[in-house]
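Colleague: Kindly generate the corresponding structure for this input.
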Amino acid sequence: MHLGLDEQTIGFQGHHVNKMRITYKREGDGFQCDALCDDGFTYSVFFRNELPPRAYVRDLALSPLHARSLWLLDQLTTKFHHVWVDNLYMSAKFAKAAFTSRNKVMMSGVTRTANRGLPRCIKQKEVKDNEILSVRGYVKAAVLHDDAAIPDLVAMSIYDNKPVHFLSMTCQSIKWLVKSRQVWNNEARRMVPVSFLRINLINDYNNKMNAVDVSDQLRNTYCMTHWLRQRKWWWPIFLWGMGVLLTNSYKVYTRVMDSEQVPRSQRLTHYDFLLSICTAWIDRGEDDIRHIARNRARKRKREENCNVVTPQPIHGHGTRGSSVSSKLSEPSSKRSPKATRLNENTLHPETGSLR
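Modeller: Okay, the predicted model is just below:
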């Protein structure tokens with residue numbers, strides 16, 4: 001029912017025309033794609049260097065970001081999913097386009113204030129630091145009526161350290177929830193529970209928004225590219241796709257274990273699950289690469305010894321003291337040509353030699 005829509009980053013250190021400057025991600029610069037995930041399982045992606053679907057841009061007048069996102073939502077097989085997004089994606093126009101699409105997706109998430117369809121009556125202005133306590137926890141809300149295309153769109157704002165604004169189509173009520181957390185008590189010298197209040201819409205957003213973050217965390221926990229420099233553009237994309245498949249397979253494994261009610265003590269951990277796949281892929285009868293290198297070195301040395309010919313003096317008829325010429329024979333075998341390089345030109349689908 002609940003899905004997350006956010007970007008995924010593929011770190012890349014080389015040079016490429018589609019490489020993006022990314023300063024707010026741990027992976028650093030590289031390629032980015034919009035991903036639709038459910039609790040760490042990646043359903044579909046759309047790379048940002050690809051052109052957005054023309055029908056969404058031309059007919060619906062959507063931005064490239066929202067056009068790519070709407071294409072991802074159309075890949076779902078059932079209707080009325082709840083999709084949670086951050087302030088980069090959320091707007092009233094995008095929520096309307098998602099609900100009027102064939103899958104009638106209901107969007108929710110935090111949003112920005114400029115040109116996102118927020119009503120003026122709920123916008124809150126920032127105050128000075130000495131006035132925050134007087135406005136903290138102040139809530140404003142409004143509901144959209146008389147629009148059959150997007151029924152009951154809720155706009156809400158709450159003042160925390162600064163104003164936070166929400167747009168939601170899944171909100172059925174706005175109320176305070178009593179939450180509890182463990183806090184260190186200096187006098188008691190131990191952790192004690194402390195109760196506090198939180199708006200239910202923020203609580204749902206915190207618990208249901210991080211589907212893409214869970215996928216990134218599981219993929220990067222035991223990352224196979226940790227020691228690679230990734231100077232070639234196809235390597236990070238290929239290894240990222242391999243990591244997505246491994247993460248999806250692990251999520252399927254955990255869901256099967258949950259459905260069969262297998263105790264956690266009898267399950268494979270994430271590390272053991274990946275280790276079992278890697279050991280199954282290894283060919284135990286394959287020669288060690290160091291043994292192969294030694295054999296190649298011995299073979300090359302034998303060929304060099306066979307090609308060297310000892311020079312023999314040429315005995316001719318001449319006077320005493322005449323010079324004797326000698327000639328070294330050249331190797332008969334020539335060096336084998338290099339293999340075709342793997343690059344964008346050789347991989348071109350029409351003109352490449354490796355197409």
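
Colleague: per-residue confidence at residue 212?
Modeller: Residue 212 carries a pLDDT value of 88.

Colleague: Not including adjacent chain positions, what is the nearest residue to it?
Modeller: Spatial nearest neighbour of residue 212, excluding adjacent residues (C-beta to C-beta, 6 or more residues apart in numbering): residue 6 at 3.8 Å. (C-beta placed from N, C-alpha, C; glycine too.)

Colleague: Need the three-state assignment for the one you found.
Modeller: When classified by DSSP: H, G, I helix; E, B strand; the rest coil, residue 6 comes out as strand.

Colleague: now swap in residue 161 and tell me
Modeller: coil.

Colleague: And for the nearest residue to it once chain neighbours are set aside, the neighbour number?
Modeller: With sequence-adjacent residues excluded and distances taken as C-beta to C-beta, 6+ apart, residue 161 is closest to residue 132, at 6.8 Å. Look at residue 132: counted by other C-beta atoms under 10 Å, it has 14 neighbours.

Colleague: After the helix or strand where residue 132 lies, which helix or strand is next? Please name it.
Modeller: Here residue 132, judged by DSSP states H and E, is contained in helix 132-135. Toward the C-terminal end, the helix or strand that comes next after helix 132-135 (DSSP H and E) is strand 139-143.

Colleague: Just the strands from the stretch 151-300 of the chain, written as ranges.
Modeller: With DSSP state E, counting those that start in this stretch as the criterion, the stretch 151-300 of the chain has strands at 154-159, 163-168, 176-185, 190-199.

Colleague: Now for residue 176: which residues touch it?
Modeller: 197-200 (C-beta atoms under 8 Å, 6 or more residues apart in numbering).

Colleague: related to what we said a few turns ago, cross-check the contact I'm expecting between the residue nearest to residue 161 and residue 163.
Modeller: No: with contact defined as C-beta atoms under 8 Å, residue 132 does not count as touching residue 163 (10.9 Å).

Colleague: For residue 143, name its beta-bridge partners.
Modeller: Residue 143 has these beta-bridge partners by DSSP bridges: residue 154.

Colleague: Show the model's pLDDT score for it.
Modeller: 92.

Colleague: Hmm, it is touching residue 150, no?
Modeller: No: in this structure, residue 143 is not within contact of residue 150 by C-beta under 8 Å, at 11.3 Å.

Colleague: Between those two, which is the more surrounded one?
Modeller: Neighbours per residue (other C-beta under 10 Å) separate residue 143 from residue 150, with residue 150 holding more: 18 against 13.

Colleague: Assign a three-state SS to the closest residue to that one other than its chain neighbours, would you?
Modeller: Closest residue to residue 150 apart from its sequence neighbours, by C-beta to C-beta, 6+ apart: residue 96 at 4.3 Å. Following three-state DSSP, we place residue 96 in the helix state.

Colleague: ok, residue 96 - how many residues close by?
Modeller: Using other C-beta under 10 Å: residue 96 sits among 19 other residues.

Colleague: for it, what are its contacts?
Modeller: Counted by C-beta under 8 Å, 6+ apart, residue 96 has contacts 149-150, 153.

Colleague: same question, residue 109
Modeller: Applying C-beta under 8 Å, 6+ apart to residue 109 gives the contacts 84-87, 89-90, 166-168, 205, 209.

Colleague: now swap in residue 149 and tell me
Modeller: Applying C-beta under 8 Å, 6+ apart, the residues contacting residue 149 are 96, 99-100.

Colleague: can I get the residues you listed in a markdown table with pLDDT?
Modeller: Output for the contacts of residue 149, formatted as a markdown table (pLDDT from 0 to 100):
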| residue | pLDDT |
| --- | --- |
| 96 | 90 |
| 99 | 92 |
| 100 | 89 |
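
Colleague: Return the member of these nearest to residue 37.
Modeller: residue 99 (20.5 Å; C-beta to C-beta).

Colleague: thinking that closest one is in contact with residue 105, fair?
Modeller: Yes: between residue 99 and residue 105 a contact is recorded at 6.6 Å, counting by C-beta under 8 Å.

Colleague: for residue 231, what are its contacts?
Modeller: Residue 231 touches 13-14, counting by C-beta under 8 Å, 6+ apart.

Colleague: separation between it and residue 11?
Modeller: 12 Å (C-beta to C-beta, to the nearest Å).

Colleague: And for residue 97?
Modeller: 32 Å.

Colleague: again with residue 142
Modeller: Relative to residue 11, and taking C-beta to C-beta, residue 142 is found at 42 Å.

Colleague: ok, now residue 216?
Modeller: 11 Å.

Colleague: again with residue 338
Modeller: Here the distance between residue 338 and residue 11 works out to 30 Å (C-beta to C-beta).

Colleague: who's more crowded, these two?
Modeller: Each of residue 338 and residue 11 has its neighbours counted (other C-beta under 10 Å); residue 11 has more, 19 against 6.

Colleague: Mind listing the residues bridging to the more buried one?
Modeller: residue 30.

Colleague: How about the contacts made by it?
Modeller: Applying C-beta under 8 Å, 6+ apart, the residues near residue 11 are 27-30, 225, 230, 236.

Colleague: please redo it, this time with the cut-off set to 10 Å
Modeller: By C-beta atoms under 10 Å, 6 or more residues apart in numbering, the contact list for residue 11 reads 22, 25-31, 220, 223, 225, 228, 230, 236, 240.

Colleague: Buried members of those residues into ChimeraX, please.
Modeller: Buried residues within the contacts of residue 11, by 16 or more other C-beta atoms under 10 Å, are selected in ChimeraX with:
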select :22,27,29,30,31,225,230,236,240
